[in-house]
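Novice: The following block contains a protein sequence and its predicted model.
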Amino acid sequence: MTQLTQTTAGLVADDLPRPRRRAADRGGFFASRRVTEFLSIFGGLALWELAARFLVHNTAFLAPPSLVAIRFWQMLADGSLAYNGWVSLQELIGGFVLGVAVGIAIGAAMVQWKPVDHALEVWISALYAAPIIALAPVLIIWFGFGLWSKVAVVFIMVVFPMIISTQAGLESVDRRLLLVARSFCASRWKTFRTVALPSAAPFIVSGMRQSVGRGLVGVVVGELFGAKAGLGNIITTASSVFDMPTLFVAVVTLALAGVILTGILRSFELRLAAWRDVA
C-alpha cells in the first residue's frame with residue numbers, strides 16, 4: 001500500500017507543472033549574455049584596429065575599423081550605400097522567397113509521394129554537392145545583367161537546403177499524431193495541413209535560417225560576375241583600386257544583414273519549437 005501511494009504521488013508530481021525560472025533569474029541571464037556579446041564584439045574590433053595600425057601598416061591591405069566607420073558614414077550621407085544595399089536586398093528577397101516556396105513544395109512532395117522521392121533524390125544530392133557558384137556565369141548569360149540573374153543565383157543557393165530541411169521535418173513527425181488524425185477520418189491533405197506541416201515548422205524555419213547565409217553569398221557571387229549596382233559591385237570596384245575601407249563597408253553591411261535576418265528567423269524558430277527544451 002505504501003509503495004502504491006508513493007508511486008501515485010510520484011506520477012502526480014510528474015504531472016504537475018515545473019516551476020518556471022524567475023524573472024530575476026531570466027533577467028540576470030540575458031544581462032550576462034549581452035555583456036559577453038558586447039565584450040566579444042569590442043575585443044574583436046580592438047584586435048582588428050591594433051593589427052591594422054601596428055602590424056600591417058598599410059590600409060591598402062587591411063583597413064582599421066575607425067577608417068571603415070568613417071567611410072560607412074560618408075557612404076550613408078551620399079546615399080550610395082542605401083542605393084546599393086536596396087538593390088542587393090531586392091535580389092536577396094526575390095530569390096529567397098522563391099527558393100523557400102519551391103523548396104517546401106518539393107520537399108513535401110518527396111515525402112508524400114515515394115516515386116517523386118525516388119526520382120529526385122539523386123538529382124538533389126548531386127546538385128547540392130555541386131559547385132553552384134560555377135553556374136553563376138551561365139545564369140547571367142541566360143538572364144542578363146539585371147535583377148533576375150541574381151535572383152536565379154540566390155534561388156539555387158536557397159532551394160536545396162530548404163528541400164532537405166522540409167523533408168527531414170516531415171519525416172520526423174510523430175506517427176501517433178498522424179494515426180490520431182486518420183482515426184478521425186481526416187483526409188490526406190487535411191492531415192498534412194493540420195498535423196504534419198505544423199510539426200515540421202521548426203525544421204523548416206531552421207532551414208530558412210541556414211539559407212539566409214547562402215542567399216547572401218549568392219547575391220555577392222551574382223554581382224561579382226556582372227552587375228551595375230549592389231554590394232557585390234561595390235566589393236568588385238573597391239578591390240580593383242585597393243580601396244579597403246569601402247570594401248569592408250560592403251562586407252560589414254552584408255554581415256550585419258545576415259545577423260539581423262538570422263536573429264529574426266531564430267526568434268521564429270524558438271517560438272515554433274517552444275515545446276522543446278532549447279539550450
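Specialist: Yes, it's here.
Novice: Please report how far residue 205 lies from residue 96.
Specialist: Residue 205 sits 13 Å away from residue 96, going by C-beta to C-beta, to the nearest Å. Where C-beta positions appear, they are placed from N, C-alpha and C, glycine not excepted.
Novice: Name the next helix or strand downstream of the lengthiest helix in the chain, please.
Specialist: The residue-count maximum for a helix in the chain (DSSP state H) belongs to helix 80-112. Helices and strands here follow DSSP states H and E; after helix 80-112, the next one along the chain is helix 114-129.
Novice: now that next one, how far from the chain's geometric center?
Specialist: Centre-to-centre, helix 114-129 and its host chain are 23 Å apart (C-alpha atoms, centre = their mean, to the nearest Å).
Novice: residues in contact with that helix?
Specialist: With contact meaning C-beta atoms under 8 Å, 6 or more residues apart in numbering, helix 114-129 is reached by 106, 109-111, 160-161, 163-164.
Novice: quick one: the helices in the protein?
Specialist: For the chain, helices defined by DSSP H occupy the ranges 2-15, 23-50, 65-78, 80-112, 114-129, 136-143, 147-171, 175-183, 188-191, 197-225, 231-240, 244-272.
Novice: Which of those sits closest to residue 58?
Specialist: Of all those, it is helix 244-272 that lies closest to residue 58, at 9.0 Å by C-beta to C-beta.
Novice: which other helices and strands contact the closest one?
Specialist: Using 3 or more C-beta pairs under 8 Å, 6 or more residues apart in numbering; DSSP states H and E as the contact criterion, the neighbours of helix 244-272 among helices and strands are helix 65-78, helix 80-112, helix 197-225, helix 231-240.
Novice: in the first one, what counts as buried?
Specialist: Buried positions in helix 65-78, judged by neighbour count with 16 or more other C-beta atoms under 10 Å: 65, 67-68, 71-72, 75.
Novice: what's the span of stretch 138-148, first residue to last?
Specialist: For stretch 138-148, the first-to-last residue distance is 13 Å (C-alpha to C-alpha, to the nearest Å).
Novice: Now it: buried residues?
Specialist: Within stretch 138-148, the residues that count as buried by 16+ other C-beta under 10 Å are 139-140, 143, 147-148.
Novice: a markdown table for the residues you listed, including distance to residue 52 and pLDDT?
Specialist: Formatted as a markdown table, these follow (distance: C-beta to C-beta, whole Å; pLDDT from 0 to 100):
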| residue | distance to residue 52 | pLDDT |
| --- | --- | --- |
| 139 | 36 | 79 |
| 140 | 35 | 78 |
| 143 | 39 | 81 |
| 147 | 36 | 81 |
| 148 | 39 | 85 |
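Novice: and which of the residues you listed is nearest residue 266?
Specialist: If you rank those by distance to residue 266 using C-beta to C-beta, residue 147 comes first, at 28.4 Å.
Novice: for the closest one, what are its contacts?
Specialist: Contacts here follow C-beta under 8 Å, 6+ apart; on that basis residue 147 touches 90-91, 94.
Novice: do that again at 10 Å, thanks
Specialist: Residues touching residue 147, when contacts are defined by C-beta atoms under 10 Å, 6 or more residues apart in numbering, comprise 87, 90-91, 94-95, 222, 227, 230.
Novice: Report the lowest-confidence entry in these.
Specialist: Across those, the member with the lowest pLDDT is residue 227, scoring 72.
Novice: Now that residue: closest residue in space that isn't a chain neighbour?
Specialist: Spatially, and ignoring its direct neighbours in sequence, residue 227 is nearest to residue 233 (4.5 Å; C-beta to C-beta, 6 or more residues apart in numbering).
Novice: what is the mean pLDDT for stretch 261-278?
Specialist: 68.
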